[in-house]
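Asker: no sequence on this one, just coordinates:
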Ligand SMILES: Cc1cc2nc3c(=O)[nH]c(=O)nc-3n(C[C@H](O)[C@H](O)[C@H](O)COP(=O)(O)O)c2cc1C
């Protein structure tokens, strides 16, 4: 892939919130997970974990925990990406809290792009009640849910989301 292919790949991804009922194949799910495992992480500690949810009752419960966001219940698979504080804090102490969140965020980004590369659609979902997610999935206290990546065969909208001008983000040499 050359650099223009790469930027084209990135710019044609969009969040998709409508899916048909076709489940992901085992191969599609494994592809997404194996791509996540190539993500960089602080000290290579991979301080992230993921709960792969396909059970319909659990998906609907997670949709409730995500303040009723329908796409969460509608997606055939949910990757609930979590920060593993113990794994990172064992080496980095308090700083490990931040690193674990970063590791989980990068892993989720890789999953989102892997789904896109595989012709699947996804929506990163960050608005949810953490305690409810913990309860539904039985997460231990040192595991913090960071994102629900709703994934499926979707129906993208024709318009891509607009972005700020890059100049509004970039500061050169000093703020
Ligand atoms: C940290 C984060 C949290 C998000 N939370 C939600 C969410 O709770 N519900 C939702 O529908 N989309 C959510 N999104 C998706 C954004 O709305 C979307 O990425 C943004 O509008 C840009 O659109 P695009 O992904 O199509 O480029 C979230 C994205 C990120 C990165």
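Answerer: Received, thanks. Worth saying up front: this structure is predicted, and the values here are computed from it rather than measured.
Asker: quick check: residue 48 vs residue 85, distance?
Answerer: Taking CB to CB, to the nearest Å as the measure, residue 48 falls 11 Å from residue 85. Every residue, glycine included, has its C-beta placed from N, CA and C.
Asker: the more surrounded of these two?
Answerer: Per other CB atoms under 10 Å, whichever of residue 48 and residue 85 has more neighbours is residue 48, with 26 against 19.
Asker: where does the more buried one land on pLDDT?
Answerer: Confidence at residue 48, expressed as pLDDT, is 99.
Asker: the closest residue to it other than its chain neighbours: which element?
Answerer: In space, and not counting its chain neighbours, residue 48 is closest to residue 104: 4.0 Å by CB to CB, 6 or more residues apart in numbering. Using DSSP states H and E, residue 104 maps to helix 95-117.
Asker: and the residue of this protein closest to the ligand?
Answerer: Residue of the chain nearest the ligand, by CB to the nearest ligand atom: residue 126 (2.9 Å).
Asker: re the thing from before, quick one: average confidence on the helix holding residue 104?
Answerer: Here the average pLDDT along helix 95-117 is 98.
Asker: show me what counts as buried in that helix.
Answerer: Of all the residues in helix 95-117, those buried under the rule 16 or more other CB atoms under 10 Å are 96-97, 99-116.
Asker: I'd say residue 43 and residue 90 touch.
Answerer: No: under the criterion of CB atoms under 8 Å, residue 43 is not in contact with residue 90, lying 10.0 Å apart.
Asker: show me what from this structure comes close to the ligand.
Answerer: Contacts of the chain with the ligand, taken as CB under 6 Å from any ligand atom, map to 14-15, 17, 69, 123-127, 161.
Asker: how about the strands in this protein?
Answerer: Ranges of strands within the chain are 48-53, 77-84, 121-125, 143-152, based on DSSP state E.
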